[in-house]
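In: coordinates only, sequence not included:
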């Protein structure tokens, strides 16, 4: 196997992490919805009209939770390993058919999670079916932080079901998508990105209507909301801002949620750094989060990573936990990406 020049079907998560051109997302199918994503070019090989692309990472280290009130051991060690495989082939009518599989094993949570999709790419757009719950978000979201910086609450409370379908279409610098899942939840997103001289500007918007469970995972309510994101890539730095609104209804609830997230990321020699913040309010109750990440490239694909993360929200109405979670944590790890 060898590394081919970066192809359109390469990992969308990798490209967004580096701040590369958004039109590439029109052809890619990234089903890595996890917080860790490789920043390396994928490994690819070709046989006839069939291309196989592989990427992933192995991350081992320690996590420290400074809020020890409900913890037996505030320091835990573990490994997270994930990877995605995509195979696609071009047909005689110039359509492309393919499939992707993503898996992640997490010893911290003692879980294995997997996503899989099949897709058809035509001149009219792409049709994608399978575990597409996070696909529209991956196209339109703010950039991930570097190192082990992971910003909490930077999304809707309402979530999509695992199985569904997506139609994605390209129109010049715009990439737009529509998702409908097995429970009738709907999500629509669009992205515009174009270089201007020495910098790159990206705009995105996303709306979602979903039925979801409360923070305890018991009762279900409905949310409808929208998020708009703007980011600027200038040299080796990325600056972005996201603004959102979400209406929460059902189970006797009628709540308005307003929130904003912002971040800055930069690369200096072998160092990558990010700083992010989030503030919001739900029916007058505050929510906030912050994340700082630092990474150092030891060699190609190998890096040392540090992160500090905090979150705080305690929104309970009528005995229903709407958004609950308070902790301050740090994480150090050594990561190999491919």
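Out: Thanks, I have the structure now. Note that this is a predicted model, so its numbers are computed, not measured.
In: measure residue 222 to residue 163 for me?
Out: Noted for residue 222: a distance of 19 Å to residue 163, by Cβ to Cβ, to the nearest Å. All C-beta atoms are positioned from the backbone trio N, CA, C, and that covers glycine.
In: ignore the last one, residue 137
Out: For residue 137, the distance to residue 163 (Cβ to Cβ) stands at 16 Å.
In: out of those two, which sits in the busier spot?
Out: The neighbour comparison of residue 137 against residue 163 (other Cβ atoms under 10 Å) goes to residue 137, with 20 against 14.
In: neighbours of the nearest residue to residue 124 once chain neighbours are set aside, how many?
Out: Nearest residue to residue 124, sequence neighbours excluded (Cβ to Cβ, 6 or more residues apart in numbering): residue 169, at 7.3 Å. Applying other Cβ under 10 Å, we find 14 other residues in the vicinity of residue 169.
In: can you pull up the bridge partners for residue 169?
Out: Taking DSSP bridges, one obtains residue 176 as the residues bridged to residue 169.
In: contact partners for it?
Out: Contact criterion Cβ atoms under 8 Å, 6 or more residues apart in numbering gives 124, 125, 126, 175, 176, 177 as the residues in contact with residue 169.
In: of those, closest to residue 111?
Out: Using Cβ to Cβ, residue 177 is the member of the contacts of residue 169 that sits closest to residue 111, with 27.8 Å.
In: where does the closest one land on pLDDT?
Out: In the predicted model, residue 177 carries a pLDDT score of 97.
In: was I right about it contacting residue 170?
Out: No: with contact taken as Cβ atoms under 8 Å, residue 177 and residue 170 are classed as non-touching, separated by 10.1 Å.
In: looking at the two, which is more packed in?
Out: With neighbours defined as other Cβ under 10 Å, residue 177 and residue 170 compare such that residue 177 has more, 25 against 15.
In: the nearest residue to the more buried one once chain neighbours are set aside: what's it in contact with?
Out: The spatial neighbour of residue 177 that comes closest, neighbours along the chain excluded (Cβ to Cβ, 6+ apart), is residue 168 at 4.2 Å. Shown here is residue 168, whose contacts under the criterion Cβ under 8 Å, 6+ apart are 26, 125, 126, 128, 139, 175, 176, 177, 178.
In: present those as TSV; the columns should include distance to residue 117.
Out: Converted to TSV, the contacts of residue 168 look like this (distance: Cβ to Cβ, whole Å):
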residue	distance to residue 117
26	16
125	15
126	11
128	5
139	14
175	17
176	18
177	13
178	15
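In: which one of those is nearest residue 316?
Out: Closest approach to residue 316 among these (Cβ to Cβ): residue 139, at 33.2 Å.
In: who touches the helix or strand encompassing that closest one?
Out: Residue 139 belongs to helix 135-140 when elements are defined using DSSP states H and E. Counting by Cβ under 8 Å, 6+ apart, the neighbours of helix 135-140 from elsewhere in the structure are 12-13, 16, 25, 29-33, 117, 128, 155, 166, 168, 175, 177, 179, 187-191, 204-206, 208, 227, 229.
In: just how off-centre is that helix within its chain?
Out: When C-alpha coordinates are averaged (Cα atoms, centre = their mean, to the nearest Å), helix 135-140 and its chain have centres 7 Å apart.
In: show me which positions of it end up buried.
Out: For helix 135-140, a neighbour-count test (16 or more other Cβ atoms under 10 Å) marks 135, 136, 137, 138, 139, 140 as buried.
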